[in-house]
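> Take this sequence and fold it.
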Amino acid sequence: MTDIQTIDRLRRIGWRGDTLPANGRRLARVVAQHRAGYELHDGDHLFGAQPAGYFLKRGLDPSERPAVGDFVEIEEGKPPHIVTVLPRRTTLSRAAAGERYERQLIATNIDYVLVLTGLDGDFNPARIERYLSLTEGSGAQPVVLLSKLDIRDDAQELLDALAARLPAGTPVHAINGKDPSSVAMLSSYLGPGDSAVLVGSSGAGKSTLTNTLLGRERMATGAVREHDSRGRHTTTHRALLELPSGGCLIDTPGMRELKLTGDENLDLFADIETLAESCRFADCGHGSEPGCAVQAALDSGELSHDRWRNYLKLRDEREEQAATLEARLRRQRGGRPPVRPHGQRGARERD
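Model prediction:
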């Protein structure tokens, strides 16, 4: 097989490069990770592989290990071994659960993050904002999908209200994940060579939507609890799937904890930041200070109290995570915290 044929084959699974490794190694994409090793795809075949010893070193940053979506170089053997993770063009990650700070990769080399939320009890605009905040900086475009369209008569009202709350231009679609005609519009995000990751809570309908996109029942589905619309984890691990549309979809287990990494800019709330810059005092606490533009917007209804509270929650979490990350990096460097000058915090009017 010629290099051109090999590259064309790899493009079917999302490869964007124009060259192949010059060392004779084989190129493949990670489609799943298990306790016993990895599943890879080379554009033609699915096969198992083991990580090289380097990736098993204790203390290695988890982000340096192969993740679902990665393109990797393989050395042939029985079994083949992953020896190199190629540079990632996009990366979606979150902070892992628990007290110890650790970044967990969700998916790499993706073009779109499909945020799926049910129009039942799962619907939560604050959680959607959290997903979109995590997507910032990933390099991928977020697309919000509201599933279970068939159970709501007021779906358009919810759609309009959510669209008004999110930044202009954020794609928001209401769909019935069981109906192929309803999800046909997603083909614009899942065309040949495109890669998307599907995220959302358990019971939101990820497996149902995946089956409809595949055109067959591949993923197990389950019922949700009536009192909170939550489901069991029918998807147990991340997996990259080839779709009839030509794109690749990474399905993920339901995520009940979405911790920010500390790197987020919270551009989602740029309007609130702009309001804060209009306050009379540069160090305004947005409480009872005179000339507070944020409080004026809250009083007038220009800014909703729910969105303001969620912004404060995410901002504080982001800053806490950023401080934790900095402390960890400082310990690794064996350095000391920088000395910061102490200044008085007074009511300073803007120039």
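
> switch to C-alpha atoms for all contacts and neighbour counts from now on
Fine.

> Flag every buried residue along stretch 173-185.
Within stretch 173-185, the residues scored as buried using 16 or more other CA atoms under 10 Å are 173-178, 180, 183.

> typo on my end, it should be stretch 187-198
Buried residues in stretch 187-198 (16+ other CA under 10 Å): 187, 189-190, 192-198.

> I'd like the distance from it to the chain centre, please.
15 Å (CA atoms, centre = their mean, to the nearest Å).

> Can you list the neighbours in contact with that stretch?
Here stretch 187-198 makes contact (CA atoms under 8 Å, 6 or more residues apart in numbering) with 11-15, 107, 109-116, 206, 243, 245-252.

> And stretch 29-49, how far out from the chain middle?
The answer for stretch 29-49 is 21 Å, by CA atoms, centre = their mean.

> In that stretch, which residues are buried?
For stretch 29-49, by 16+ other CA under 10 Å, it's 29-33, 38-43, 48-49.

> For those residues, work out which two are farthest apart.
Gln33 and Gly43 (17.6 Å; CA to CA).

> related to what we said a few turns ago, go through the buried residues of stretch 187-198 and flag which are in strands.
Applying DSSP state E to the buried residues of stretch 187-198, the entries found in strands are 195-198.

> with those residues in mind, which one is nearest to Ala322?
Using CA to CA, Val197 comes nearest to Ala322 of those, at 25.3 Å.

> which residues does the closest one bridge with?
Val113, Ile250 (DSSP bridges).

> Quick one, grab the pLDDT at it.
pLDDT, Val197: 95.

> try the one 3 residues further on
The predicted local confidence for Gly200 comes out at a pLDDT of 88.

> Can you report phi and psi for it?
Backbone torsions of Gly200, given as degrees, to the nearest 10, read phi 160, psi 170.

> Isn't it up against Asp122?
No. Gly200 is beyond contact range of Asp122, at 9.6 Å (criterion: CA atoms under 8 Å).

> More neighbours: the two, which one.
When Gly200 and Asp122 are compared on other CA atoms under 10 Å, the one with more neighbours turns out to be Gly200, at 24 against 21.

> Can you tell me how far the more buried one is from Ser147?
Separation of Gly200 from Ser147 (CA to CA, to the nearest Å) stands at 11 Å.

> likewise Val115?
10 Å.
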